[in-house]
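**Q** My questions are about this predicted structure, shown below with the sequence.
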Amino acid sequence: MKKIVVHVRKDGHDKIEEALKDVHYTELLLQDVYEFTIFTPDEHLDDLIEKIQNALDLRYNENMIEVSTPEFVISSRLKRAVKSIEKKEEKTPVEKLLDSIRPYGELDLEKLALTSIAGLIALSGLLLNNPVIIIGAMLLSPIIGPIYGFSIYVALGMVRESLRCLGVLAALLLSVFALSAVATFLINLAIPLPLTTEITSRVVVNPIYTLMAVLLGFAAVLAFNRGTSEVIAGVAIAAAIIPPMAVMGIVLVIQPPSLIAAALLVGGQVVGLIVGALLAVAMLKVRPRSSRDRAIAQRYLKRSVALIVLLFALLLWITLIMAE
């Protein structure tokens with residue numbers, strides 16, 4: 001259950017009243033501003049906010065919409081109204097999505113530290129040929145954030161913010177690559193390092209890895225949007241990127257000719273995850289509220305999807321050629 005409080009000037013009263021004609025609400029006049037209070041099931045919040053926002057002129061400071069979650073509400077009329085409402089799938093409001101993904105477009109020391117530590121732990125597991133250690137490293141990496149943020153921003157047509165998320169993703173992956181290369185170089189000076197099974201399995205080019213990444217990106221973003229913990233949902237994405245990125249650093253030092261195959265694997269994984277994330281966001285029907293913004297977002301989304309699919313097809317083609 002959500003509580004919506006709408007403040008509107010007198011000149012906008014009739015429009016709000018018309019927008020709420022099929023909704024149970026209470027109304028108060030506070031000086032020169034009307035206050036409408038509405039209680040609605042979570043499933044209907046997004047549609048109701050859209051109706052109110054279309055009727056409310058937010059250019060005036062007095063006009064505003066406030067949404068909160070009450071502890072409980074006791075009302076026989078509201079209880080009857082809720083029973084009469086047809087149940088539908090709950091949809092997260094755009095405003096809430098934007099608020100939740102804002103940190104993913106910012107690069108900070110904590111993200112770099114967690115990703116770097118995850119990369120070093122994955123490196124240890126790769127060198128020790130220990131898959132348990134590699135899996136443990138995935139619990140630390142915040143890689144899902146920038147990918148999820150990018151897919152949401154693309155769907156909303158927010159170009160600058162989506163590019164910022166890609167920049168954060170690139171910086172995090174490069175930190176893993178650089179640290180893995182430096183650590184491998186230093187360890188190799190003291191102890192000759194062999195190519196373990198866990199390493200060699202990640203320098204074999206196979207298109208199945210790329211297709212698997214699409215499924216992982218789709219499932220992880222869908223689960224994350226449904227309220228699954230970022231750590232749990234992020235394990236799938238981190239498992240697809242962090243170890244191959246660490247392998248790139250390892251083979252750069254130990255076996256440079258394998259660097260191209262390792263880079264292709266990483267590129268295919270990253271593009272596959274983004275394709276899967278965009279598919280999930282499209283299924284969730286994330287879009288701006290205004291028709292003008294929707295048109296802009298649609299154009300940007302189509303161009304972005306076309307470019308990413310082209311890159312995906314190119315990587316898949318190269319992977320197939322090298323796998324033969």
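**A** On my side now, so go ahead.

**Q** Just give the closest residue to Val247, not the sequence neighbours.
**A** When the adjacent residues along the chain are set aside, Val247 lies closest to Arg202, with 4.3 Å between them (CB to CB, 6 or more residues apart in numbering). Heads up, the C-betas are built off the backbone N, CA and C, glycines and all.

**Q** pLDDT averaged over the strand or helix carrying Phe185 - what is it?
**A** Under the criterion DSSP states H and E, the helix or strand holding Phe185 is helix 159-190. When the per-residue pLDDT values of helix 159-190 are averaged, the result is 93.

**Q** Now do whichever helix or strand comes after that helix: distance to the chain's middle.
**A** Sequence order places helix 197-200 as the next helix or strand after helix 159-190, per DSSP H and E. Distance of helix 197-200 from its chain centroid, counting by CA atoms, centre = their mean, to the nearest Å, is 30 Å.

**Q** list the buried ones in whichever helix or strand comes after helix 197-200?
**A** Beyond helix 197-200 in the direction of the C-terminus, DSSP H and E gives the next helix or strand as helix 207-225. By 16 or more other CB atoms under 10 Å, the buried positions in helix 207-225 come out as 207, 209-214, 216-225.

**Q** What lies in contact with helix 207-225?
**A** Contacts of helix 207-225 with the rest of the structure, by CB atoms under 8 Å, 6 or more residues apart in numbering, involve 92, 144, 147-148, 151, 230, 232-234, 236-237, 239-240, 265, 268-277, 279-281, 283-284, 312, 315-316, 319-320, 323.

**Q** any idea which helix or strand comes after it?
**A** Note on helix 207-225: by DSSP H and E, the next helix or strand toward the C-terminus is helix 230-254.

**Q** hang on, the earlier thing: so which of the contacts of helix 207-225 are in helices?
**A** Among the contacts of helix 207-225, the ones falling in helices (DSSP state H) are 144, 147-148, 151, 230, 232-234, 236-237, 239-240, 265, 268-277, 279-281, 283, 312, 315-316, 319-320, 323.

**Q** For ChimeraX, write the select line for the buried members of these.
**A** Buried subset of the ones in helices among the contacts of helix 207-225, written as a ChimeraX selection, criterion 16+ other CB under 10 Å:
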select :144,147,148,151,233,234,236,237,239,240,265,268,269,270,271,272,273,274,275,276,277,279,280,281,312,315,316,319
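
**Q** can you list the domain ranges for the protein.
**A** Per automatic domain parsing, the structural domains of the chain span 2-84, 94-323.
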